[in-house]
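**Q** got a predicted model here, sequence first, then my questions.
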Amino acid sequence: NILNWNIRGINDRDKWLALKDKIQETNCDVMCIQETKREIFDSRYLQNFCNRSLRKFDLYPSTGASGGIITIWKDSTFQGETLFKNEFSLSIRLTSKLSGEHMILSNIYGPCIPEKREEFLDWLSHIDMPPDTKWILMGDFNYIRYPSNRNREGGNFTDMMNFNEAINMLGLVEIPMKGRNYTWSNM
C-alpha cells in the first residue's frame, strides 16, 4: 500500500496533520513525497507526521526552496536499498521481509521549468529497466497524458505526445489512481 503526495512544502503543521491523517487512513507501507522544499530530514523530524512504523527513509534534498523528494517505508515490512538518485528521481529496491520478493520503486518529481523538461524526458525514456524486474514509477511527473487529465481545456499537445512516447518506450502500464484525480489540491 503506497501513499503518493506532492506536498508543496512540508514545513507546515497543517500539512503534518493532513499527512498523519492520510497515513492513518491508508495504513500505507510506503510513502512517496515530492516537492518537500526541505534540505534535511532526520528521524526526529519524521515524527512530526509519520507514525512509528514508518521509520526508514532516503531523500534527494531540495535546492533552496524548490524540489526535494523523500521515500519512507515500514522497516518491519521492507528492507530498502537506494539504487539511484538525481534531481528527478529516488529509486529504492524494497525487499519484502515476509516473502523475500523485491521491487524497485522510483519516486519521481518532474520539472516545471521549461529548460529542464526536455532533459527530464530524455532521462526518463532512457531508464534501463530489465523486463524481469518489478518496477513502479510514481510521483508527480508535471506532465499529463491526455487533454482529459486537465481540469480545464487546453494543454501542450507536444508535451503530451513526448511524455506518452517515453512511457511507451519503457513499456509502462498506467495503474489507475485511487483518491484525487490530480496531484494538487487545497488540502
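**A** Arrived safely, thanks for sending. Residues are numbered from 1 along each chain as shown.
**Q** so where do the helices sit in this structure?
**A** 13-26, 43-46, 114-125, 157-170 (DSSP state H).
**Q** run the angle between the third one and helix 157-170 for me.
**A** Using axes from the mean of the first three to the mean of the last three Cα atoms, to 10 degrees, one finds that helix 114-125 and helix 157-170 are set 20 degrees apart in direction.
**Q** only the buried residues of helix 114-125, if you could.
**A** Neighbour-count burial for helix 114-125, counted by 16 or more other Cβ atoms under 10 Å, picks out 117, 120-121, 123-124. Where you see a C-beta, it was placed from the backbone N, CA and C, and this is true even at glycine.
**Q** where's the dip in pLDDT among these?
**A** Ranked by pLDDT, those bottom out at Arg117 (91).
**Q** who's in contact with that one?
**A** Taking Cβ atoms under 8 Å, 6 or more residues apart in numbering, we find Arg117 in contact with 110-111, 142-143, 159.
**Q** just put the residues you listed in CSV and tack on distance to Met31 and pLDDT.
**A** Below are the contacts of Arg117 laid out as CSV (distance: Cβ to Cβ, whole Å; pLDDT from 0 to 100):
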residue, distance to Met31, pLDDT
Gly110, 19, 93
Pro111, 22, 91
Asn142, 20, 90
Tyr143, 22, 89
Asp159, 28, 89
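**Q** the residue of the chain most remote from its centre and Met177, how far apart?
**A** Relative to the centre of the chain, and counting by Cα atoms, centre = their mean, the farthest-placed residue is Glu153 at 26.1 Å. According to Cβ to Cβ, to the nearest Å, Glu153 and Met177 sit 21 Å apart.
**Q** next one, pLDDT for Ser185 please.
**A** On pLDDT, Ser185 comes in at 43.
**Q** repeat for Arg150
**A** In this model, Arg150 is scored at 75, pLDDT.
**Q** hang on, it packs against Asn156?
**A** No - look at Arg150 against Asn156 with Cβ atoms under 8 Å: they stay out of range, at 10.3 Å.
**Q** how about the helices of the chain, which one is nearest His102?
**A** helix 157-170 (19.1 Å; Cβ to Cβ).
**Q** going by neighbour count, list what's buried in that closest one.
**A** Across helix 157-170, burial judged by 16+ other Cβ under 10 Å covers 159-160, 162-163, 166-167, 170.
**Q** re the thing from before, I'd like the distance between the residue farthest from the centre of the chain and Asp21.
**A** 33 Å.
**Q** what's the answer for Ile104, then?
**A** 29 Å.
**Q** repeat for Asn6
**A** From Asn6 across to Asp21, the span is 17 Å (Cβ to Cβ).
**Q** neighbour count winner among those two?
**A** When Asn6 and Asp21 are compared for neighbours, Asn6 comes out ahead with 18 against 11, by other Cβ atoms under 10 Å.
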